[in-house]
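Peer 1: model the structure of this input:
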Amino acid sequence: MAPAEREQMRQTVEEMFYHAFDGYMERAFPHDELRPISGGYTDALVELGAPAQPTRRGYSGVALTLIDSLDTLAVIGNASEFARGVRWVSENVDFDIDIDVSVFETTIRLLGGLLSAHMLANGTMVDGASHVRVAGYGGELLVLARDLGERLLGAFDGCEALPRAFVNLRDAKAKQASHQRLEQCSAGVGTLLLEFGVLSRLTGDPSFEHAALCALRLLWSKRSKFDLLGNTLDVRTGHWRNPTATIGAGVDSFYEYSLKAYLVFGKPELYAMWNASASAVEQHLRVGPWYGEADMHKGHRRAERVEFDALQAFWPALQVLAGELRPAAATFEAFHSLWRKFNALPERFDVDRGKLHDTLAYYPLRPELAESCYALYHATRDARYLQIGAEMVTSLNSAARTFFGFAAIKSVRSMALEDQMPSFFLAETLKYLYLLFDEASFANTHAESYVFTTEGHLIPLSTAFHGPGPAPPTDEQLSAYGVLQLRELIARASLPHGDCIEKGQLRERARLAARRLEAERRSEVEARQAQDPRKLVCRTPASS
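Peer 2: The predicted structure follows:
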């Protein structure tokens, strides 16, 4: 692709972003998402995660699309609009709301958006991004992120229980979500550590990282002898409800976070999880360039058919991050063939029979294929990926563009549109397409300094994050702890405290907990020192 053509594509994607962003700000803000056909709005946060009874009464949005797309403004280089958004969110957003929300969706969209924007606004934490530093910024987004994180912690009940899928933001402990669901998917449990861990490292409060790490360890302990995870579990019993292993919906971002959290925090156990689970995927789920499904306990692909699931399209990007370029390119080719066929990516497609799913034929503007296209281009410098990205841009403009924004495609059969523009379209889809064509963005010039969360938010690979975390309290510090702090510390060490009636007994148990946590911390340091260094983010020489 000639430089002039590439610059034209950059400008085209930039215009698409502003068309969608301005439509949201003019017609829907401060509600959650734009209705791009009618020009209305929806307060979608309470609908995410498919709750049975969304708590809509009295809820009027938290500017979800703005928060989710703040770092896209920074990536594009619009420092003034980024600063305006940071100030508005800092001054106006309050999470003390009596609503039930999905822990997974709230974490990746809101918590991740706040943390990424905070680090960019700070001006000293993100390589190459000092030009988007917000003058006078005093860490307000981090305060807001911590408040939200504390509310989300209400979904956790210690290291021996899986976190609940939904939580009430106002009073999680006293008021369980009205549609409390007993089923939780593997991705819902295993896709919290990046955001919760970064929150702990930025605030110095280890409770967030500990909760997410406990949940991940508990999930991993339930893997089969083949190192496969199933799809959904019963929150009460911890038993598998749906033992289907897949790289798609229900499990997908578990794999992503085991590798990316290893890169960010450097914990050897995370790399071990990634290595074992990815090997199991290749052994039991791979079918040529495609990926099938298997019963986690039987360890072989189901014989009936191979079905593509649109959320699988993130996998080539993850393979690139792990240095597996050849299989990544082959799988991307297979997935991209569906986009060529339909000018969009259907939610499910029966590969063996060559037919669309009867009901799951929609395309909700998902980002995963664009993400993999971007990753492959920057790993190989093969201009073919630029052409594929240009085709995707053309398809989106011709099929999904409306007067007010871009609309989800209800069915790739008819290409009829749905009055919905998910926040991730600005947070991810357009971000990856923009970065594909803009070499000058700091996210490209310093590409090896970041990873993207599953929602496309930037997390720096910082020495401030890469370590075993804060040390547990000393005996002197424990003497100032209250009852709740003592109980939390004991729970962090996976020790019981129900038998401790007096505060003195609690404090003695807390000293034991602190010693156990310190031993774990030292063990982790020793394991990191013993581990052979390996570079996982690969780059190859540019091709002509």
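
Peer 1: surely residue 393 touches residue 433?
Peer 2: Yes: between residue 393 and residue 433 there is a contact under CB atoms under 8 Å: 6.0 Å. C-beta: built from backbone N, CA, C; applies to glycine.

Peer 1: in terms of neighbours, single out the busier of these two.
Peer 2: Higher neighbour count among residue 393 and residue 433: residue 433, with 27 against 20, using other CB atoms under 10 Å.

Peer 1: quick check: that one vs residue 136, distance?
Peer 2: Residue 433 is 33 Å from residue 136, where distance means CB to CB, to the nearest Å.

Peer 1: same check on residue 116?
Peer 2: Applying CB to CB to residue 116 and residue 136 gives a distance of 19 Å.

Peer 1: neighbour-wise, which of the two wins?
Peer 2: residue 116 (31 against 7).

Peer 1: how close does that one get to residue 21?
Peer 2: 17 Å.

Peer 1: same question, residue 458
Peer 2: For residue 458, the distance to residue 21 - CB to CB - is 18 Å.

Peer 1: check residue 124 too.
Peer 2: For residue 124, the distance to residue 21 (CB to CB) stands at 27 Å.

Peer 1: and these two? Which one has more around it.
Peer 2: residue 21 (24 against 9).

Peer 1: wouldn't the more buried one be in contact with residue 426 here?
Peer 2: Yes: counting by CB under 8 Å, residue 21 touches residue 426, with 6.0 Å between them.

Peer 1: give me the common contacts of these two.
Peer 2: By CB atoms under 8 Å, 6 or more residues apart in numbering, residue 21 and residue 426 have these common neighbours: residue 69.

Peer 1: give me the domain ranges for this protein.
Peer 2: 1-8+309-444, 31-181, 475-544 (automatic domain parsing).

Peer 1: is it true that residue 372 touches residue 316?
Peer 2: Yes: assessed by CB under 8 Å, residue 372 is found in contact with residue 316 at 3.9 Å.

Peer 1: how about the helices in the stretch 51-200 of the chain?
Peer 2: With DSSP state H, counting those that start in this stretch, the ranges of helices along the stretch 51-200 of the chain come out as 64-76, 79-92, 103-105, 112-122, 140-152, 186-190, 193-203.

Peer 1: elements contacting whatever helix or strand residue 340 lives in?
Peer 2: Residue 340 belongs to helix 325-342 when elements are defined using DSSP states H and E. Secondary-structure packing of helix 325-342 (3 or more CB pairs under 8 Å, 6 or more residues apart in numbering; DSSP states H and E): strand 290-291, helix 315-321, helix 368-380, helix 384-399.

Peer 1: how about a cut-off of 7 Å?
Peer 2: On a contact count with 3 or more CB pairs under 7 Å, 6 or more residues apart in numbering; DSSP states H and E, helix 325-342 meets helix 315-321, helix 368-380.

Peer 1: just send the ones you listed back as a markdown table, with distance to residue 223 too.
Peer 2: As requested, the helices and strands packed on helix 325-342 are exported to a markdown table (distance: least, CB to CB, whole Å):
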| stretch | distance to residue 223 |
| --- | --- |
| helix 315-321 | 18 |
| helix 368-380 | 24 |
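
Peer 1: so which of those gets nearest residue 220?
Peer 2: Nearest to residue 220, of all these, is helix 315-321, at 17.4 Å by CB to CB.

Peer 1: ok now the closest one, how far from the chain's centre?
Peer 2: Relative to its parent chain, helix 315-321 has a centroid offset of 15 Å by CA atoms, centre = their mean, to the nearest Å.

Peer 1: buried ones in that helix?
Peer 2: By 16 or more other CB atoms under 10 Å, the buried positions in helix 315-321 come out as 315-321.

Peer 1: does anything pack onto it? Which helices or strands?
Peer 2: Here helix 315-321 touches helix 252-265, helix 325-342, helix 368-380, going by 3+ CB pairs under 7 Å, 6+ apart.

Peer 1: how about residues contacting that helix?
Peer 2: Here helix 315-321 makes contact (CB atoms under 7 Å, 6 or more residues apart in numbering) with 247, 255-256, 259, 327-328, 331-332, 371-372, 375-376, 379, 536-538.

Peer 1: can you tell me which of those has the most neighbours?
Peer 2: residue 372 (28 neighbours).

Peer 1: that one against residue 313, yeah?
Peer 2: Yes: under the criterion of CB atoms under 7 Å, residue 372 makes contact with residue 313 at 6.0 Å.

Peer 1: before we move on, the earlier item: shared neighbours, residue 393 and residue 433?
Peer 2: Taking CB under 7 Å, 6+ apart as the contact rule, residue 393 and residue 433 both touch residue 13.

Peer 1: does residue 108 touch residue 456 like I think?
Peer 2: No: contact criterion CB under 7 Å: residue 108 and residue 456 do not qualify, at 9.2 Å.

Peer 1: model confidence for residue 409, exactly?
Peer 2: Residue 409 carries a pLDDT value of 98.

Peer 1: from residue 338, how far out is the closest residue to it other than its chain neighbours?
Peer 2: Leaving aside its sequence neighbours, residue 409 sits nearest to residue 363 (CB to CB, 6 or more residues apart in numbering; 4.2 Å). As judged by CB to CB, residue 363 and residue 338 stand 10 Å apart.

Peer 1: kindly report the same for residue 208.
Peer 2: 38 Å.

Peer 1: same drill for these two, tell me which one is more crowded.
Peer 2: residue 208 (27 against 19).

Peer 1: let me see the contact set for that one.
Peer 2: Counting by CB under 7 Å, 6+ apart, residue 208 has contacts 149, 153, 196, 199-200.
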